[in-house]
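K.L.:
compute the structure for the input listed below.
(3 chains)
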Amino acid sequence: MSDQKRLFLVDAYALIFRGYYAFIKNPRINSKGEDTSAIMGFMNSLLDVIKRERPDHLAVCFDKGGSTDRVEMYQDYKANRDETPEGIKTAVPYIYEILKAMHIPIMVKEGYEADDVIGTLAKKAEKEGYKTFMVTPDKDFAQLVSDNIFMYRPVFGGGYETWGIPEVQKKFEVTDPLQVIDYLGMMGDASDNIPGLPGVGDKTAKKFLAQFGSMEGLLANTDQLKGKMKEKVEANGELGLLSKKLATIMLDVPVEFNAKDFELDHPDVEKVKEIFQSLEFRRLTDNFVKTFSTEAPTTNNTSTTEAKTETKATPKAQKSAGAGQFSLFGGDASSNEETVSEYTRKTAETSSHFYQSVSPGMATKLFVKNLMTQNSVCFDTETTGLNPLTAELVGIAFSWEVGKGFYVPFPENKDEAQELIEELRPFFESETIQKIGQNLKYDIKILAKYNIDVKGKLFDTMLAHYLINPDMRHNMDVLAETYLNYTPISITELIGKKGKNQLSMREVPLEKQTEYAVEDADITLQLKEHFEKELGEANTQQLFDDIELPLLRVLADMELEGINLDKDFLNSLSEELNNDISNLEKRIYNTAGEEFNIASPKQLGVILFEKLKLVDKPKKTKTGQYSTAEDVLSYLAKDHQIIRDVLDFRGLSKLKSTYVDALPLQVEDSTNRVHTDYMQTVAATGRLSSNNPNLQNIPIRTERGRQVRKAFVPRNEDYTLLAADYSQIELRIIAALSEEETMIEAFKNGEDIHASTASRVFNVPISDVSREQRSNAKTVNFGIIYGVSAFGLSNQTDLSRSEAKELIDTYYETYPKLKAYMSKQVDFARDNGYVQTVLGRRRYLKDINSRNAVVRGAAERNAVNAPIQGSAADIIKIAMINIHQKLKASDYKSKMLLQVHDELVFDVYKPELDNMKSLIKSEMENAYKLSVPLDVELDIGDNWLEAH
DNA sequence: CGGACCACCTA
DNA sequence: GTAGGTGGTCCGG
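P.N.:
Numbering: from 1, shown residues only, chains lettered A, B, ... in the order given. This is a model prediction of the structure:
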């Protein structure tokens, strides 16, 4: 290790951009609606560098006002760049503030780019005997690398690589780092808008450098080139030289290197903490405090003589050598504790893990005994697949202490597996031990197949996070990385990519199963501790305890129950459709004069608009194709049979492929029923979603489509299907929340709400409302819920834009409180960054104060819609929980099968029909008390179509 | 074979 | 204009 002084120069914007885009799919939004991705990304990198390297000299360099020299040279310099994203612009002042509080010098020079500042400083520092590390992902810096100047480059997936001369020689295939300038000049750089030589990319540039050594060398020897390349290079010599100049980092910026100014001082920890907390950086705050208030380790990781690629040291790397050295229980546990703390002290941010598998027999009995003494345990089942109806248990992991856990492997033999689970039954069925898990619905369904009923209080980390931040994704890997800064073993690492050669969990060696499974339980336990507090802060504990957790068990039951499907009926429907589709096909091919793929919008567009020229100026999609969307085509339908045929073809094909043919394939062999999977954590408003198959979008609007519903039938002839629908629930909610008396009265009097609205806005007696007036009123009523615009309304009706606008204005005059309510929601969102439902379910709207009117408009519509849609979701969830509870309590044979947002479908045992009718209607209508009565319509039938 | 894009099904 | 899911084509690794 050299004791030479080291200077770190951080390329601020490059790291800010990198941080911002790293979170782009999953931006960090705090409760004030601020996008803090860029700040967090940058601070993570900076702290990481400081922690790893403990530099004694450091500065952060910013651009200011761009490079005036380069713009003089080349007008278009960086002209291609998209405007800086808002999330980055707002981040910069915060970062300045944080850097000041950290006592880190900031280097900016008006009219120079950070590259130039860093380059100049690096060269000056080199003269004074420093080793300089340029912290940047930008490969342009490679031109500055020397014996004493290195690139310190973050790599994707974590960690850094150091580029010295050998690395640069290898990466760019050059002998001297200065040739990187020639390389960039030849190849160009789209993001900096350096033009480069036309037709020259990475490969050709490297070839030229090997052959001619430099741009000038190339231009002087173009006679050695041939063909098109010769012409192009000769014609663009000037451009090449200019590009080279643009790519050259300037070394004459008027900045001084005074070592004293760059010394890394101790930060104002309190100040930084304060800023971090105001930004709601919980983990970063901890991390920061840990880094700066403990004794810093003295080792330096970077070898300054030989550059090496480093990989990020995850806590995993620090695992104990083997679980065997620790025994399961009793006194030994304390020695574990000692080891842990000893270890923790040594490395500050790592934690060691004690994961152990439990052998059959006595060890298992002892383990269960210990398990039963706990108050709260996290568990995670490992199975042979993702379908709970067919998957078998491979093992169960348990953890009740951070960093520690046990794995109980399951035998393949079914009887033996059942014997083992019986030993664990007292735990799962204990009312007093809390069970923690990630996506417990899955584990509960698996255990139900082993006849285990999971009882007691639950805590599902996925559900908790859904309430804390509904817009994010909630899988464990994301949560672990976000909240624990931890990357779990990936499942593909264990069993391979899906498809060919994928292993079953059963085939994974026991040690690996243990590591993986217990890690999941351990992480979930840690996440629980994290989320527990946040639920309280978001005021959403009650929603968690009283709605989402109980609902999880309801959904598990519904999914296990499945629904009966008449396959034969669908098969005959498929034949009919086949016939009709091929007839349409023939007619279309005939008119088109050739055969083509009608299902390909690309091919269809060419036929309709180029060959048949049905329109003068065809509409294009954003990707430049002809648009053949439904609304475009139906416009032409009245004039062209082929258009009508195409639309029919599409409708029927969709029907056939998505429903008629797909549904029978989804029937589960073991139960002969269809089992959908309800997703409880995907819809940002609080609704459920359904997949595999989606039973929430079975056709109903067209005669042809709704036939599919005939295929959903009762369990057997002793049963009947019952569908219970909330009538106009969303309109009732908006009427109640806005306290709009006219509308409330209409609902109280049981009026036809759309006719009532029409009567008022068109000023005619309710008995004289025409069909068209009612229809337009209905459209506006729905439009209100979605956040209307005159544009949208006129698109959906026969009204012109101005007529639509007038209708909306009259509507607001008729229902003034409704309008006031909508503005109130938007204002609330602006002030608080979120809106909420009747039960306090929040939706955060980060764009509500955006300067971009389109973006802001969308957020404003969300502010109106989310509380309405979400409250309706809350209400039906309450009804489901209560109904489920009553069905269970009285041991009814009737079962709740499906939920379709405002409708519940039941398999009703005929002798229970009267009881069911009143129970369901009453529970649904009384699920939540509003100033508007809720109304539920019931229908029964021998299939889902009849029950409607 | 996975992802982007289009089209179309529901409340 | 809100909220979802699925299937088809097409393109690129």
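K.L.:
where do the helices sit along the stretch 751-900 of chain A?
P.N.:
A:753-761, A:771-786, A:790-796, A:801-814, A:816-832, A:853-889 (DSSP state H, counting those that start in this stretch).
K.L.:
between those, which gets the lowest average pLDDT?
P.N.:
The weakest mean pLDDT among the helices of the stretch 751-900 of chain A belongs to helix A:790-796, with a mean of 82.
K.L.:
quick check: pLDDT value at residue A:658.
P.N.:
Looking at residue A:658, the pLDDT reads 95.
K.L.:
cool, the one 5 residues further on as well?
P.N.:
According to the per-residue confidence, residue A:663 scores 96 in pLDDT.
K.L.:
that one should be in a strand, yeah?
P.N.:
No: assignment of residue A:663 by DSSP: H, G, I helix; E, B strand; the rest coil gives helix, placing it outside any strand.
K.L.:
OK, contacts around it?
P.N.:
Applying CB atoms under 8 Å, 6 or more residues apart in numbering to residue A:663 gives the contacts A:565, A:570, A:674, A:693, A:708, A:711. Just so you know, the C-beta spots here come from the backbone N, C-alpha and C atoms, and that holds for glycine as well.
K.L.:
same deal with residue A:720?
P.N.:
Counting by CB under 8 Å, 6+ apart, the residues that residue A:720 touches are A:714, A:908, A:910, A:913, A:940, A:941, A:942, A:947.
K.L.:
wait, the second one touches residue A:718, no?
P.N.:
No: taking CB atoms under 8 Å as the definition, residue A:908 is not a contact partner of residue A:718, at 9.8 Å.
K.L.:
surely residue A:88 and residue A:19 touch.
P.N.:
No: with contact defined as CB under 8 Å, residue A:88 does not reach residue A:19; the gap is 9.2 Å.
K.L.:
common neighbours of these two, please.
P.N.:
Contacts common to residue A:88 and residue A:19, judged by CB under 8 Å, 6+ apart, are residue A:38.
K.L.:
residue boundaries of the helices in the stretch 551-700 of chain A?
P.N.:
Going by DSSP H, counting those that start in this stretch, the stretch 551-700 of chain A shows helices at A:567-592, A:601-605, A:630-636, A:641-654, A:662-665.
K.L.:
got TSV for those, with distance to residue A:63 too?
P.N.:
Formatted as TSV, the helices of the stretch 551-700 of chain A follow (distance: least, CB to CB, whole Å):
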stretch	distance to residue A:63
helix A:567-592	57
helix A:601-605	43
helix A:630-636	46
helix A:641-654	52
helix A:662-665	54
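K.L.:
among those helices, which comes closest to DNA strand C?
P.N.:
With CB to the nearest atom of the strand as the measure, helix A:662-665 is the member of the helices of the stretch 551-700 of chain A nearest DNA strand C (3.8 Å).
K.L.:
is DNA strand B contacted by the closest one?
P.N.:
No: Helix A:662-665 stays clear of DNA strand B (CB under 7 Å from any atom of the strand), getting no nearer than 12.0 Å.
K.L.:
could the C-alpha coordinates of that helix be exported in PDB?
P.N.:
Backbone C-alpha positions of helix A:662-665 (Å, rounded to 0.1, in the frame of the first residue of the first chain) are rendered in PDB as follows:
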ATOM      1  CA  ALA A 662     -57.900 -19.900 -23.500                       C
ATOM      2  CA  LEU A 663     -60.300 -20.500 -20.600                       C
ATOM      3  CA  PRO A 664     -60.700 -24.300 -21.000                       C
ATOM      4  CA  LEU A 665     -56.900 -24.500 -20.900                       C
END
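K.L.:
could I get the buried residue list for it?
P.N.:
A:663, A:664 (16 or more other CB atoms under 10 Å).
K.L.:
any idea how far that helix is from the chain center?
P.N.:
When C-alpha coordinates are averaged (CA atoms, centre = their mean, to the nearest Å), helix A:662-665 and its chain have centres 29 Å apart.
K.L.:
cool, stretch A:828-840 as well?
P.N.:
That offset, for stretch A:828-840, works out to 21 Å (CA atoms, centre = their mean).
K.L.:
list the contacts of that stretch.
P.N.:
A:30-34, A:539-540, A:542-543, A:547, A:686, A:733, A:737, A:825, A:842-846, A:848-849, A:859-860, A:862-863, A:866-867, A:870-871, A:873-875, A:928, A:930.
K.L.:
ok, back up a step: and residue A:908 and residue A:718? Which one has more around it.
P.N.:
residue A:908 (28 against 11; other CB atoms under 10 Å).
K.L.:
quick one on the thing from earlier: which of the contacts of residue A:663 are buried?
P.N.:
Here, 16+ other CB under 10 Å leaves A:565, A:570, A:674, A:693, A:708, A:711 buried among the contacts of residue A:663.
K.L.:
ends of stretch A:99-108, how far apart?
P.N.:
13 Å (CA to CA, to the nearest Å).
K.L.:
can you list the residues that contact it?
P.N.:
Outside stretch A:99-108, the residues touching it (CB under 8 Å, 6+ apart) are A:9, A:58-64, A:96, A:117, A:121, A:255, A:261-262, A:264-268, A:271-272, A:275.
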